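> here is my input, please return the structure:
(chains A and B)
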Amino acid sequence: MRFWKSWIVTAKDLSVFRNNKYILYSLIAMPLLMGLMIPVMLIYTLQAQAALLTQAQLIESATSLVNMFSSFFVIAVVGLPTIIASYSFIGEKLEKSLEPLLATPTTDSELLFGKSLGAFIPCIGATYIGELIFVIVIDGWSIINLGTLLLPTMYWALVTGILIPLAGVLSVETNIIISSRVNDIRAAQQVGGIIIFPLIILMVLPSVIQIIPMVTLALILSGGLAVADVGLFYLSKAIFQREEILTKWK
Amino acid sequence: MIETENLTRKFGELTAVDNVTLRVNKGEVFGFLGPNGAGKTTTVRMLCCLISKTSGKARVGDFDVDQEEDRLKIRKMVGYLAGDVGLYENLSAYKNLDFYGKLYEVPSEKREENTKRLLQLLGIWERKDDAVAGLSKGTKQKLAIARALIHEPQVLFLDEPTANLDPLAAKTVCDFILELKKEKRTIFLNTHNLDEAERVCDRIAVLKTKLIRVGSPEDLERSISSRKTVVHLESIVDSVLAAVKKLGTVKNVSTSENKLILDMDDPEKDNPQLVRAIVAAGGNIQYVTEERSTLEDVYLKLVRET
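Below is the predicted model:
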């Protein structure tokens, strides 16, 4: 596989997204919303607790809450591909640009990888920007009010470094598979949302109810996602074939 | 340049292309005529290695569509204009071409040069920075043709290049195909448009799942030969009609308004004698013309009979 060929497709898709206001606004709104809203909720909760707890207890509670809220960024990275990957594949279908694209001297894998990367990069980029805002606001508040930095933690590092990219890949792959079967962007987004919803529950709920240690939970979820990613990769590869696309994609 | 032997494609029970054997020579403009669902697009898709064949053989250039390692080489040497223009609507015309130029591995400098040359040739250079969404249907079609040529392919497959275009835009596209013909490119033209086929094609194949007939437009027209001599008279009088019927060379004669329509075996040889006989019988000839079957007559006859 020639990665430079895939990158040409990725760069084109990124350019298309830049010119699509709906996608652009989604990509800007999400990090701002999550990066600011989550810390505000968190800080509000911590300030309410401040009068009842000692400094040490408050730091412990804050760390626990910060870890828990870090998991919420998984929602972003799982949700964004329902917008972007749907546009990426169904957009090509609607513009009927897949056939000329498939007629170029590129392999199916190069095209699939290029398009997947084109959907993955903005999603992960926007999620990380949201995380960055989250870290800055939380640490800014904690250094002023608690005299210490709450982030990074081991759990946060695992979520950010492993869980979020794996969840993003899973969501992109799921949306490729959905896109091959529907013709309408909104329908794809709805189906994508329905399929992705249980995944979000699976990832976020255990961190909220804390049935097992958070780090162990992140490792278990990462392992599960890695296995699912590999399985879905082969499935999306089987679906994304010239013959299939031209004769069976509806 | 293009060769097929018993090329067949089935979709389940349906046979879309049935044992098609043809040969397209280098530098030839080859027209592929047929009704909707005749298998024209399926044939082109097989030749461009977009879909596989069920049986038979096909080669483009020196490459076999069956060989995995040859497929990329075929795609690199051919240009393909699909039935739908399929451009990226919110990218500019220039960016659309640049993207495809990169995918076809055209070096940066050559890409710029080809993009400029093609857009200028097609009269859309001034609109190079406009988003495709704002271009007219005809301009989009021109842009799609430019895209198919960005890598200077040896073989060009055009699927209905003038479909849905207004007459002026269709003429521009036809003229452009004739320009490409001068450059000795091999062009495989799928079309419904018989005038366009007659105007630009060296040879034409009529397809209706099976290949019905192949030949030059003239050969096809002659194949259902019905050349007639038409004599336009000031008025038809009985003496003229009688004189014409007396001629042994006239097989059949009919009249329509002030015209005599005559079947003759060898019009070039017998027309002078015919003219003399009419004049001698007192007929005032305004002009003499030939009526022969058109490509449309041939096409309709072949398609209806199959």
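
> what does chain A have sitting close to chain B?
Listed as neighbours of chain B in chain A under the rule C-beta under 8 Å from any C-beta of the partner chain: A:5, A:8-9, A:12, A:15-16, A:19-20, A:95-107, A:242-243, A:246-247. For the C-beta atoms, the positions are set from N, CA and C on the backbone; glycine is no exception.

> quick one: buried ones out of the residues you listed?
A:5, A:8-9, A:12, A:15-16, A:19-20, A:95, A:97-107, A:242, A:246 (16 or more other C-beta atoms under 10 Å in any protein chain shown).

> quick one: which of the residues you listed sit in helices?
The helices, defined by DSSP state H, take in A:5, A:8-9, A:12, A:15-16, A:98-102, A:242, A:246 from these.

> surely residue B:5 meets residue B:56?
Yes. Counting by C-beta atoms under 8 Å, residue B:56 is a contact partner of residue B:5 at 5.7 Å.

> which other residues reach the lowest-mean-pLDDT helix or strand in chain A?
Lowest on mean pLDDT, DSSP states H and E among the helices and strands of chain A sits helix A:185-209, with a mean of 72. For helix A:185-209, contacts defined as C-beta atoms under 8 Å, 6 or more residues apart in numbering or on different chains pick out A:67-68, A:71-72, A:74-75, A:78-79, A:81-83, A:85-87, A:89-91, A:94, A:163, A:167, A:170-171, A:174-175, A:178-179, A:182, A:212, A:214, A:217, A:221.

> what comes up buried for stretch B:142-152?
Those would be B:142, B:143, B:144, B:145, B:146, B:147, B:148, B:149, B:150, B:151, for stretch B:142-152 by 16+ other C-beta under 10 Å.

> now do the same contact list for residue B:115.
By C-beta under 8 Å, 6+ apart, the neighbours of residue B:115 are B:94, B:97, B:98, B:101, B:128, B:146, B:150.

> ok, 6 Å please
residue B:97 (C-beta atoms under 6 Å, 6 or more residues apart in numbering or on different chains).

> ok, then the element right after the host helix or strand of it?
In this structure, residue B:115 sits in helix B:108-121 according to DSSP states H and E. Counting by DSSP H and E, the next helix or strand C-terminal to helix B:108-121 is helix B:137-149.

> tell me who's in contact with the nearest residue to residue A:97 once chain neighbours are set aside.
Nearest residue to residue A:97 in three dimensions, chain neighbours excluded: residue B:86, at 3.9 Å (C-beta to C-beta, 6 or more residues apart in numbering or on different chains). Contacts for residue B:86 (C-beta under 6 Å, 6+ apart) come out as A:96, A:97, A:99, A:100.

> make it 7 Å
Contact partners of residue B:86, counting by C-beta atoms under 7 Å, 6 or more residues apart in numbering or on different chains, are A:95, A:96, A:97, A:99, A:100.

> ok, it to residue B:257 distance?
51 Å (C-beta to C-beta, to the nearest Å).

> measure the nearest residue to residue B:215 once chain neighbours are set aside to residue B:216 for me?
Distances taken as C-beta to C-beta, 6+ apart place residue B:203 nearest to residue B:215, at 6.3 Å, with adjacent residues excluded. Applying C-beta to C-beta, the value for residue B:203 to residue B:216 is 5 Å.

> ok, the two, which is more surrounded?
Using other C-beta atoms under 10 Å in any protein chain shown, the more surrounded residue of residue B:203 and residue B:216 is residue B:203, with 19 against 13.

> quick one, phi psi at the more buried one?
Main-chain dihedrals, residue B:203, degrees, to the nearest 10: phi -140, psi 160.

> dig out what it forms beta bridges with.
Residue B:203 has the following beta-bridge partners by DSSP bridges: residue B:30.

> gap between the top helix by length along chain B and the chain center?
The longest helix of chain B (DSSP H) is helix B:167-182. Its chain's C-alpha centre and that of helix B:167-182 lie 12 Å apart, by C-alpha atoms, centre = their mean, to the nearest Å.

> alpha carbons of it, as PDB, please.
Only the C-alpha atoms of helix B:167-182 are listed here, as PDB (Å, rounded to 0.1, in the frame of the first residue of the first chain):
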ATOM      1  CA  PRO B 167     -26.900  21.900 -28.500                       C
ATOM      2  CA  LEU B 168     -24.100  24.500 -28.100                       C
ATOM      3  CA  ALA B 169     -22.400  22.800 -25.200                       C
ATOM      4  CA  ALA B 170     -22.800  19.500 -27.000                       C
ATOM      5  CA  LYS B 171     -21.200  20.900 -30.100                       C
ATOM      6  CA  THR B 172     -18.200  22.200 -28.100                       C
ATOM      7  CA  VAL B 173     -17.700  18.800 -26.600                       C
ATOM      8  CA  CYS B 174     -18.000  17.100 -30.100                       C
ATOM      9  CA  ASP B 175     -15.500  19.600 -31.500                       C
ATOM     10  CA  PHE B 176     -13.200  18.800 -28.600                       C
ATOM     11  CA  ILE B 177     -13.400  15.100 -29.300                       C
ATOM     12  CA  LEU B 178     -12.500  15.800 -32.900                       C
ATOM     13  CA  GLU B 179      -9.400  17.800 -31.600                       C
ATOM     14  CA  LEU B 180      -8.500  14.700 -29.500                       C
ATOM     15  CA  LYS B 181      -8.800  12.600 -32.600                       C
ATOM     16  CA  LYS B 182      -6.200  14.700 -34.300                       C
END
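
> how about it: buried residues?
By 16+ other C-beta under 10 Å, the buried positions in helix B:167-182 come out as B:169, B:170, B:172, B:173, B:174, B:176, B:177, B:180, B:181.

> now the angle from the helix or strand just after that helix to helix B:167-182?
For helix B:167-182, the following helix or strand on the C-terminal side (DSSP H and E) is strand B:186-191. Calculated by axes from the mean of the first three to the mean of the last three C-alpha atoms, to 10 degrees, strand B:186-191 forms an angle of 150 degrees with helix B:167-182.

> can you list the residues of the stretch 1-150 of chain B near chain A?
Residues of the stretch 1-150 of chain B lying close to chain A (C-beta under 7 Å from any C-beta of the partner chain) are B:11, B:45, B:48, B:50-52, B:72, B:75-76, B:80, B:82, B:84, B:86-91, B:95, B:99-100, B:102-104, B:147.
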